[in-house]
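[1] heads up, no residue letters with this:
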């Protein structure tokens, strides 16, 4: 018992000294030993914006949040397709030319594709799903893809919420997000 | 006919949507509004175009009044996941967890095991940064080309969620022009990491997502 306690203390001290030694922000020279032990279990997950909110039924929202992305398509694609057709019973294809099974097949795997070689944007007219920048109007993109039909001519009252920008300007430098209210 | 069918569909959906939900704000019963509730995830090229930026926001819809007492949770791990060979399984993780007023970052490193359980990769410290107190200038850490931030920020999400809810509920048939940003004037708890793309592997495209995990 005692030796186990000593081992734990020793391990904590090693971790603590490592962290203090590596940080340039060590204003506190003699920190309490930091305990990073234990197993952490998944609570929430997010790749693209609004996917769980829009496409997953209330009963399945917690389950979706704790499903690994590689299993999402098998578990949720058909439910996503039903939900898409509930939102827009006249859905045929969208601006990306995707029919309902294809579009929901993309959406059900909730990961965000990010380019490491060029423009990073949710959609800018040329690039599709190469990232998500702070100023991207992701809601309009999703409304257009759900309601706009093959040429974005359908359901014109539903393809933009007419909120096109954030309420505070973003910063051009790190940390990029605006200061709090 | 076309429209009435559409709105019938929307109204049926509306019955199931009674709580305020948006980008991923308050998206599910187990996490809603708490310190493990992810509100948004962003990934974009940095000001230095050799870098990629990851942003995870949690605990949304904080009013300025509520912001003064808002804090990160030492029991909640925020984990950025990076799949660099397109199989939707994470090859690398960047872990962020607070201790004693600082946010500690580990990785990018292969997870002990992929999936829904994690242990913290304490041998792979990326760096740490003091959590910026509400009302202070942003405290950032810059070391070895890696930038770190943790603290309150304006919620960068914008959406007329109020009118969307009216449409879903069958009370309106279209958005207003101009719309009203439901998230105007509200704050979130933000974690921002910027690091060289060369630390992330892959050959041009990554699949990325963020998770919260609780001890």
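    Sure thing, it's come through. Because the structure is predicted, anything quoted here is derived from the model rather than measured.

[2] all contacts plus neighbour counts: C-alpha atoms, from now on.
    Fine.

[3] contact partners of stretch A:41-48?
    Residues from elsewhere that reach stretch A:41-48 (CA atoms under 8 Å, 6 or more residues apart in numbering or on different chains): A:62, A:65-66, A:110-112, B:24, B:30-31, B:36-38, B:40-41, B:116-118, B:208-215.

[4] pLDDT of it, averaged?
    For stretch A:41-48, mean pLDDT rounds to 97.

[5] try stretch B:166-173
    93.

[6] name the residues of that stretch that are buried.
    B:166, B:167, B:168, B:169, B:170, B:173 (16 or more other CA atoms under 10 Å in any protein chain shown).

[7] show the pLDDT at the residue nearest to residue A:107 when sequence neighbours are not counted.
    Excluding the flanking residues, the one nearest residue A:107 by CA to CA, 6 or more residues apart in numbering or on different chains is residue A:51, at 7.3 Å. Residue A:51 carries a pLDDT score of 90 in this model.

[8] in contact with residue A:51, which residues?
    Going by CA under 8 Å, 6+ apart, residue A:51 touches A:107, A:110, B:23, B:24.

[9] just residue A:38 next, same as before
    B:119, B:120, B:215.

[10] got the phi and psi for it?
    phi 100, psi 170 (degrees, to the nearest 10).

[11] for residue A:145, same thing?
    phi -70, psi -30.

[12] is it correct that it is in contact with residue A:95?
    Yes. Counting by CA atoms under 8 Å, residue A:145 touches residue A:95, with 6.2 Å between them.

[13] who has more neighbours, these two?
    residue A:145 (22 against 16; other CA atoms under 10 Å in any protein chain shown).

[14] for residue A:83, phi and psi?
    Per-residue torsions, residue A:83: phi -70, psi -40 (degrees, to the nearest 10).

[15] list the contacts of the nearest residue to it once chain neighbours are set aside.
    In space, and not counting its chain neighbours, residue A:83 is closest to residue A:55: 5.8 Å by CA to CA, 6+ apart. By CA under 8 Å, 6+ apart, the residues touching residue A:55 are A:79, A:80, A:83, A:84.

[16] who wins on neighbours among the residues you listed?
    residue A:80 (25 neighbours).

[17] separation between residue A:85 and residue A:55?
    Using CA to CA, to the nearest Å, residue A:85 is found at 11 Å from residue A:55.

[18] residue B:68 too?
    34 Å.

[19] likewise for residue B:47?
    34 Å.

[20] tell me which residue is most central in chain A.
    The centre of chain A sits closest to residue A:47, judged by CA atoms, centre = their mean, with a distance of 2.7 Å.

[21] can you give me the helices in chain A?
    Using DSSP state H, the helices of chain A run over residues A:2-22, A:51-55, A:61-65, A:69-87, A:100-108, A:138-147.

[22] whoops, I mixed them up, chain B
    For chain B, applying DSSP H gives helices covering B:2-15, B:64-67, B:161-168.

[23] and the nearest residue to residue B:99 once chain neighbours are set aside, what does it touch?
    Closest residue in space to residue B:99, ignoring its immediate chain neighbours: residue B:74 at 6.1 Å, by CA to CA, 6+ apart. Contacts for residue B:74 (CA under 8 Å, 6+ apart) come out as B:97, B:98, B:99.

[24] and if you look at residue A:156?
    By CA under 8 Å, 6+ apart, the contact set of residue A:156 is residue A:148.

[25] how close does it get to residue B:144?
    Residue A:156 is 49 Å from residue B:144, by CA to CA.

[26] got any ranges where the chain has weak pLDDT?
    Reading this off chain A. A:1-32 (pLDDT under 70).

[27] oops, I was thinking of chain B
    The low-confidence ranges in chain B, as defined by pLDDT under 70, are B:1-22.

[28] so what strands line up beside the biggest strand by length in it?
    Longest strand of chain B, by residue count under DSSP state E: strand B:51-62. Paired neighbours of strand B:51-62 in the sheet (DSSP bridges): strand B:38-45 (antiparallel), strand B:187-196 (antiparallel).

[29] reformat the ones you listed as JSON lines; add mean neighbour count.
    As requested, the strands paired with strand B:51-62 are arranged in JSON lines below (neighbours: other CA atoms under 10 Å in any protein chain shown):
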{"stretch": "strand B:38-45", "mean neighbour count": "28"}
{"stretch": "strand B:187-196", "mean neighbour count": "24"}
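
[30] which of those sits closest to residue B:204?
    Nearest to residue B:204, of all these, is strand B:38-45, at 12.5 Å by CA to CA.

[31] show me the contact partners of that closest one.
    A:44-49, A:114, A:116, A:118-121, A:131-134, B:23-26, B:51-60, B:157, B:209-212.

[32] repeat for stretch A:131-142
    Contacts to stretch A:131-142, defined as CA under 8 Å, 6+ apart, come from residues A:49, A:112-115, A:120-123, A:159-161, A:164-166, A:170, A:177, B:42-44, B:156-159.

[33] mind listing which of the residues you listed are in strands?
    A:112, A:113, A:114, A:115, B:42, B:43, B:44.
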